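Asks: predicted model and sequence follow; I will ask about them next.
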Amino acid sequence: MATAAPSQPADPELQATAWDLEPLVDGEGPGGVESRLDHALVRAKAFAARYCGKLEDLDGAGLRDAMAELAVIYELIGRAGTYAALRFSADTADPANGALLQKAQEQATAIETRLLFFELEWAALPQERVEALLAGDELDFCRHHLQNVRRYRDHLLSEPEERILAEKALTGAGAWARLFEELTSTIEVELPGADPGAAGGEKVALDVALSRLSLPDRELRRSAAEAVTAALAPGLRTRAFVFNTLLADKATDDRLRRYPHWLAERNLANEASDESVQALIEAVRGRYEIARRWYRLKAKLLGVERLADYDRMAAVTEDDVSFPFAQAREIVLDCYTSFSPELGLLAGRFFDEHRIDAPVRPAKRGGAFCASSVPSVKPYVLLNYTARRRDVLTLAHELGHGVHFALAARQGIFHQSTPLTLAETASVFAETVVFGRLLEEDTAPASRLALLAENLEDTIATVFRQVAMNNFEDLVHTSRREQGELSVERFGELWAESQTALLGDSVELTEGYRSWWSYVPHFIGSPGYVYAYAYGQLLALSVYERYEQTGQELVPRYLELLAAGGSRSPQELGEIVGIDLADPGFWDAGLDLVERQLKDAEEAANASGRL
C-alpha cells in the first residue's frame, strides 16, 4: 500500500539509484572522452582526404563504404559526447564537468566541420544520380537518412559558410543554452515550512518545490507558488537576455538559410509539412474547451469558486500518497513484462546496469529525460523522483523512450532515432499501460478519482498546454523579429496572453505566474520542440486504443514499429500499427479520445458524491 507522502521521503534505494557512465567510455573516465574524440578526428581527416570532391564518382558499394566509415566516426563522437553531457547533467555546478562538456563540444564541432563537405556534395547531386545510387539493398542502413539530407537542399549554404556557422555556434547558441541550463539547475526555492513535514526556511530544488503544487492543501500550494516566483526573480533579467539572444540568433540563421518562418526548420526535421503541423495546432486550439471544462469541474471538487494557476495540478482528494522507489520499479517492470516479456527485460536492464539517476540533488538538471546515446551502448534515464504518483508514471514514460532506443539500435546510428513527432509514442504508450494498472488495482473511490484526474491533467498538460506553449513561442519569435529585444515585462505579457487563450475564464492567472516561462528549457535549447508532445500524445493514444480493441494481436506490430526507429517516414511507421497520419480527421479523432478521458473523470467525480 502507498503511504502518506512526506515533503522529502527518506528512501535509501532511491538515493542509491545513480548512473554508471563508464560503459560509455569503456571504464576510461574523462580521459576516454578525449581519446575517442582524438580517434574520431584522425578518422575524419582520413575520410575527408579520401572522399572530398569525389562523391559524384562513387558507385553504390563505394557509397556504402563511406557511410559505414561515417557511422564509426559518429559512434565515437556520440559515446564521448553523451558521457560528458550526462556528467554535466548530474552535477552542473562542478567546474570539471562543465569544462569536460565544453571540450567535448569543441572537439566534436572540429570533427563535424571536417565532414561538412559530404552532406553538401550529396545534396548537390542530380536526382537521377541519387536514385541510381540508392537503388541497391546495400544502403538499407542509411537510405532514409540520405533521402532526408536531400530535403535540406534549399537551406544549405556553401561549405565555408557552413564551417563558420558550425564553429561559431560553440560560442554562440550552444554557449547561451548551456548558461541557461546552469542558471536554472542551481535555482533554490525557500519554502515557508507551513506544513509539519518541512522545516521553516527549508531550501529545495525547483523540481521539489513544483511538486508541491499537487498537495491537497491550497495554502501550501499558494505559498509554494509564491516561493517559486520569488526564486525565479533574481535571475529573471539574465534569463530573459539569454532568451532574447537566442531568438535573435535563430532569426539570423533562418534568414541565412531561407526558412520562411521560425517553425519551418523544426517541421522539416520532424518530416512534417507546415500544413499538417498547422492542422494539429488549430485542431487542438479549437478544442481548448476540454481543458476549461475540466478546470471548472475541478474548482467544484476543490470547493473554490475559480481555480488559480497554482491549483491546476492540485490533488482533487485527500488521497495524497507516496510511492517508494522500489515500489515504483516493481509496478512499472511488471506492467512492461505483462505487455511484452521482451520489453520487460529491456526495461529491467536499466536498473540492473545502473543506467538510471533518480534522486533530487543540488545542481542536478531538473525534469526528466532519456539519453539515447548511440547504438553500440545502452540509453540512460534521468529522473528527479519525489515519490508522487506522477513520478511513477514519469518512470514508465522515460523507460518507454529507453526501450524504444534499445529496440531501434539494430537500425544503426543513422536510423536509431525517430523524428520528434514519433519520439513520444513508446513513452506515452507505456505511461498509459501503467496508468491502467494503477486504476485497475485501486478500488477506493477517492483514489480512483485522483488517478483519473491525474491522467486527464497529464494529457491536458501534454496536448493543450504544449500547444499553448507553442503559441507563446510563436508570439515571442514573431515579436522579437518585428519589434526587437523584448523586455522581461513583454515576455510576461506574451506568456499570459498564450495561457489565457488556453484557460479562458476557468483559471485565474496570478501576477507572479508571468515569470514562469523563464525556467522552461525547450524554449532555449530546442525551439519549436513542444508541439511534438501534442502530436506524440495523440498518436500514442490512438495506438493504445488499437491495443484495447485488438489485444495481444497488436503487440508484435507495436514492437516492429519501435524496432524500425527512424528508418521510414512517420506516415510509413504509422501504417505498421494501422494509423493513417495523412487522414485530415486524425487529430480530431485523437482529441475525441481526450474528451473520453474527461467524461471518465466527470463520471468518477459524480460517483464520489462530492458534487
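Replies: Sure thing, it's come through.

Asks: contacts and neighbour counts: CA atoms only from here.
Replies: Will do.

Asks: where does this structure have low pLDDT?
Replies: The model of the chain has pLDDT under 70 over residues 1-9, 193-200, 319-320.

Asks: centre-most residue in it?
Replies: Within the chain, the residue whose C-alpha comes closest to the C-alpha centroid is residue 369; the distance, by Cα atoms, centre = their mean, is 6.4 Å.

Asks: give the contact list for that residue.
Replies: Applying Cα atoms under 8 Å, 6 or more residues apart in numbering, we find residue 369 in contact with 381, 382, 383, 398.

Asks: need those residues in CSV (columns: neighbour count and distance to residue 422).
Replies: Rendered in CSV, the data for the contacts of residue 369 read as follows (neighbours: other Cα atoms under 10 Å; distance: Cα to Cα, whole Å):
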residue, neighbour count, distance to residue 422
381, 24, 19
382, 26, 20
383, 22, 22
398, 26, 14
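
Asks: closest to residue 280 among these?
Replies: Within the contacts of residue 369, distances to residue 280 taken as Cα to Cα reach their minimum at residue 398, with 24.3 Å.

Asks: touching, that closest one and residue 367? I think so.
Replies: No - shown here, residue 398 and residue 367 do not form a contact pair, counting by Cα atoms under 8 Å, at 11.0 Å.

Asks: hmm, back to that, nearest to residue 182, of the contacts of residue 369?
Replies: Nearest member of the contacts of residue 369 to residue 182, counting by Cα to Cα, is residue 382, at 16.4 Å.

Asks: and the closest one, what does it touch?
Replies: Taking Cα under 8 Å, 6+ apart as the definition of contact, the neighbours of residue 382 are 356, 357, 358, 367, 368, 369, 370.

Asks: again, only using 10 Å
Replies: Contacts here follow Cα atoms under 10 Å, 6 or more residues apart in numbering; on that basis residue 382 touches 18-19, 86, 89-90, 355-359, 364-371, 395, 398-399.

Asks: after the helix or strand hosting residue 545, next one along is what?
Replies: For residue 545, the enclosing helix or strand under DSSP states H and E is helix 531-550. With elements assigned by DSSP H and E, the helix or strand that comes after helix 531-550 is helix 555-563.

Asks: now that next one: how far from the chain's centre is it?
Replies: For helix 555-563, the distance from its own C-alpha centre to the chain's C-alpha centre is 21 Å (Cα atoms, centre = their mean, to the nearest Å).

Asks: what does that helix contact?
Replies: Judged by Cα under 10 Å, 6+ apart, the contacts made with helix 555-563 from elsewhere in the structure are 339-340, 342-343, 400-401, 403-411, 416-418, 422-423, 425-426, 543-544, 547, 552, 554, 564, 568, 572-578.

Asks: and it, which residues are buried?
Replies: With burial defined by 16 or more other Cα atoms under 10 Å, the residues of helix 555-563 counted as buried are 558, 559, 560, 561, 562, 563.

Asks: what's the helix or strand just after that helix packed up against?
Replies: Next along the chain after helix 555-563, taking DSSP H and E as the criterion, comes helix 570-576. Using 3 or more Cα pairs under 10 Å, 6 or more residues apart in numbering; DSSP states H and E as the contact test, the elements touching helix 570-576 are helix 420-423, helix 555-563.

Asks: rerun that using 8 Å as the cut-off
Replies: Judged by 3 or more Cα pairs under 8 Å, 6 or more residues apart in numbering; DSSP states H and E, the packing partners of helix 570-576 are helix 555-563.

Asks: what angle separates the helix it packs on from helix 531-550?
Replies: In terms of direction (axes from the mean of the first three to the mean of the last three Cα atoms, to 10 degrees), helix 555-563 departs from helix 531-550 by 160 degrees.

Asks: in strands, which of the contacts of residue 382 appear?
Replies: Residues of the contacts of residue 382 located in strands (DSSP state E): 356, 357, 369, 370, 371.

Asks: closest one to residue 514 out of the residues you listed, please.
Replies: Relative to residue 514, the closest of these is residue 369; by Cα to Cα it sits at 25.9 Å.

Asks: distance to residue 237 for the buried residues of helix 555-563 - can I get that in TSV?
Replies: Below are those laid out as TSV (distance: Cα to Cα, whole Å):
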residue	distance to residue 237
558	47
559	47
560	48
561	45
562	43
563	45
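
Asks: just to revisit the earlier point, and the contacts of helix 555-563, which are buried?
Replies: If you count burial by 16+ other Cα under 10 Å, the buried members of these come out as 339, 343, 400-401, 403-411, 416-418, 422-423, 425-426, 543-544, 547, 554, 564, 568, 573-574, 576-577.

Asks: about what we covered before: and the helix holding residue 545, C-alpha only, in CSV?
Replies: What follows is helix 531-550, C-alpha atoms only, in CSV (Å, rounded to 0.1, in the frame of the first residue of the first chain):
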residue,chain,number,x,y,z
TYR,A,531,4.1,20.8,-30.4
ALA,A,532,5.7,17.4,-30.9
TYR,A,533,4.4,16.4,-27.4
ALA,A,534,0.8,17.0,-28.6
TYR,A,535,1.5,15.1,-31.8
GLY,A,536,3.1,12.2,-29.9
GLN,A,537,0.4,12.1,-27.2
LEU,A,538,-2.5,11.9,-29.7
LEU,A,539,-0.7,9.4,-31.8
ALA,A,540,0.2,7.2,-28.8
LEU,A,541,-3.4,7.4,-27.5
SER,A,542,-4.6,6.2,-30.9
VAL,A,543,-2.2,3.3,-30.9
TYR,A,544,-3.3,2.4,-27.3
GLU,A,545,-6.9,2.5,-28.5
ARG,A,546,-5.9,-0.1,-31.2
TYR,A,547,-4.4,-2.2,-28.4
GLU,A,548,-7.6,-2.1,-26.4
GLN,A,549,-9.5,-3.2,-29.5
THR,A,550,-7.2,-6.0,-30.7
